[in-house]
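Student: just a sequence and a predicted model for now, questions to come.
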Amino acid sequence: MQVSILGSFLSTIGLMAHADGFCGDLEALVEQAGSNSPPTTSIMTMGLPSSLSTQTKCTTSLSQTGARAVNCAWPFAYRSDEAQAAFDGILSEVRKCLGADAIVSRDQGVNHPDFYDLREFRFQRGEVGVSIKDKGALQQTYVFLRVQGLPL
C-alpha cells in the first residue's frame with residue numbers, strides 16, 4: 001500500500017497517522033472490519049502495550065445489522081497485574097490512535113460475581129471496544145479488543 005493511500009485511509013477513518021506498532025495493527029483491524037470479504041479466522045500478532053506481545057486468534061463476525069467486527073482475545077492468569085496492565089495499556093493506545101474526536105463511553109456493570117469493564121470508542125467509520133473480564137470458573141482473566149465497522 002502506498003504511503004499516500006495509507007495516509008488518506010487513516011485520516012478518513014479517524015486514526016492518527018501512526019503506521020507502525022499498535023496503531024498500525026489497529027488500522028489493519030479497522031480495514032478488515034470494513035471489508036466486504038467473507039468473515040474469517042486469522043492468527044495475528046498484536047504489539048500490546050507495557051512491553052507485552054503475544055500471538056492471538058482474531059475472528060471476524062457479522063452482527064444482525066450487517067456490521068462486520070473483528071474480535072481478539074488475550075488470556076491471562078486470573079486477576080493478574082499483567083491482565084490489568086494490558087487492559088490499561090490498550091485503552092491508552094486506542095485513545096492515542098483514534099485521537100480526541102472519538103466518543104468514549106463506559107458500559108454499565110453486570111450483576112454477577114466476575115469482574116467486567118468495557119470501554120467503547122466511536123469514530124467516523126465504526127467503533128472499538130476494549131474490555132477485561134474475569135472468568136472465575138476458568139481461573140483466567142481475558143482482555144478483549146473488538147473493532148466493528150459500519151453496517152454494510
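Tutor: Arrived safely. Numbering: from 1, shown residues only.
Student: tally of neighbours for A100?
Tutor: A100 has 6 neighbouring residues, counting by other CB atoms under 10 Å. From N, CA and C alone the C-beta is placed, and that goes for glycine too.
Student: if you could redo that for D81, that was the one I meant.
Tutor: Using other CB under 10 Å, D81 has 10 other residues around it.
Student: how about G149?
Tutor: By other CB under 10 Å, 23 other residues sit near G149.
Student: quick one: contacts for it?
Tutor: Neighbouring residues of G149 by CB atoms under 8 Å, 6 or more residues apart in numbering: 30, 33-34, 67-69, 125-126.
Student: let me have these in a markdown table, extended by distance to K135, neighbour count and pLDDT.
Tutor: A markdown table is the format used below for the contacts of G149 (distance: CB to CB, whole Å; neighbours: other CB atoms under 10 Å; pLDDT from 0 to 100):
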| residue | distance to K135 | neighbour count | pLDDT |
| --- | --- | --- | --- |
| V30 | 27 | 25 | 82 |
| A33 | 25 | 24 | 81 |
| G34 | 30 | 19 | 77 |
| A67 | 26 | 17 | 78 |
| R68 | 26 | 23 | 84 |
| A69 | 21 | 20 | 86 |
| R125 | 31 | 18 | 77 |
| G126 | 27 | 21 | 83 |
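Student: wait, a strand at F22?
Tutor: No - going by DSSP: H, G, I helix; E, B strand; the rest coil, the assignment for F22 is helix, not a strand.
Student: test my guess that it contacts E93.
Tutor: Yes - at 4.5 Å, F22 counts as touching E93 under the criterion of CB atoms under 8 Å.
Student: which SSE is the residue nearest to A83 when sequence neighbours are not counted in?
Tutor: With CB to CB, 6 or more residues apart in numbering as the criterion, A83 has its nearest non-adjacent residue at 3.6 Å, and that residue is F76. Taking DSSP states H and E as the definition, F76 sits inside strand 68-77.
Student: and D25, that one's in a helix?
Tutor: Yes - D25: assigned to a helix according to three-state DSSP.
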